[in-house]
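> Sequence plus the predicted model coming up.
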Amino acid sequence: MKLSRRAFLAAIPLAPTAAEAYGLGSGSLAFDNVVRQIGGVGDVSSYLLSAVDREFVATYGTAAQATFTHALVGGALDARVAAASDEIKGQVAFVAKLLYTGEVTRDGVTTTAYYPWCLAWASLTFATAPGLCGGPAFGHWQNAPLPGQM
């Protein structure tokens, strides 16, 4: 039987006492683990994790982040989200949108500040976000074909 990343991450319980030891607020390991579960992958970049943390606190506040983390930490994420309040479900949607598109909507204004690091680009093994190509270190520019050689 092959286990998906999402199923594997959901199967790893994080005891409430461990979550309390790491803290439930901004920058906590428990919050990062919930974010990874929402993304469905364990290898979310540290930059994107920090961005989710920063944007979540800026949008909802640290008290809401602690409530969010406490409501979703431990056990299967799908079951916890299904049992959560509408407010928590909206926050899960906020995190998922930021993770996969890099977009943040706050006060009616949408920005795409985290677009190059979002999980949508990470899922494409054959492409990179605009502006993040391999550059000269990989020969993308210095070994480019000359006009007429294409």
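Here it is on my side, so go on.

> Show me where this protein dips below the pLDDT cut-off.
When residues are selected by pLDDT under 70, those of the chain lie in 1-27, 125-150.

> For it, which segments are assigned as helices?
Secondary structure of the chain by DSSP state H: the helices cover 5-11, 16-22, 29-39, 46-60, 62-72, 77-83, 86-101, 119-122.

> Deepest-packed of those, please.
Comparing the helices of the chain by mean neighbour count (mean count of other C-beta atoms under 10 Å), helix 29-39 comes out on top with a mean of 23. Placement of C-beta: from N, CA and C, glycine included.

> what are the phi and psi angles of the closest residue to residue 51 other than its chain neighbours?
Once flanking residues are discounted, residue 51 sits nearest to residue 114: 4.9 Å by C-beta to C-beta, 6 or more residues apart in numbering. Main-chain torsions, residue 114, degrees, to the nearest 10: phi -110, psi 10.

> ok, now the one 4 residues further on?
Residue 118 has phi and psi values of phi -70, psi 160 when expressed as degrees, to the nearest 10.

> Tell me if I'm right that it and residue 48 touch.
Yes. Applying C-beta atoms under 8 Å as the test, residue 118 and residue 48 come out as touching, 7.1 Å apart.
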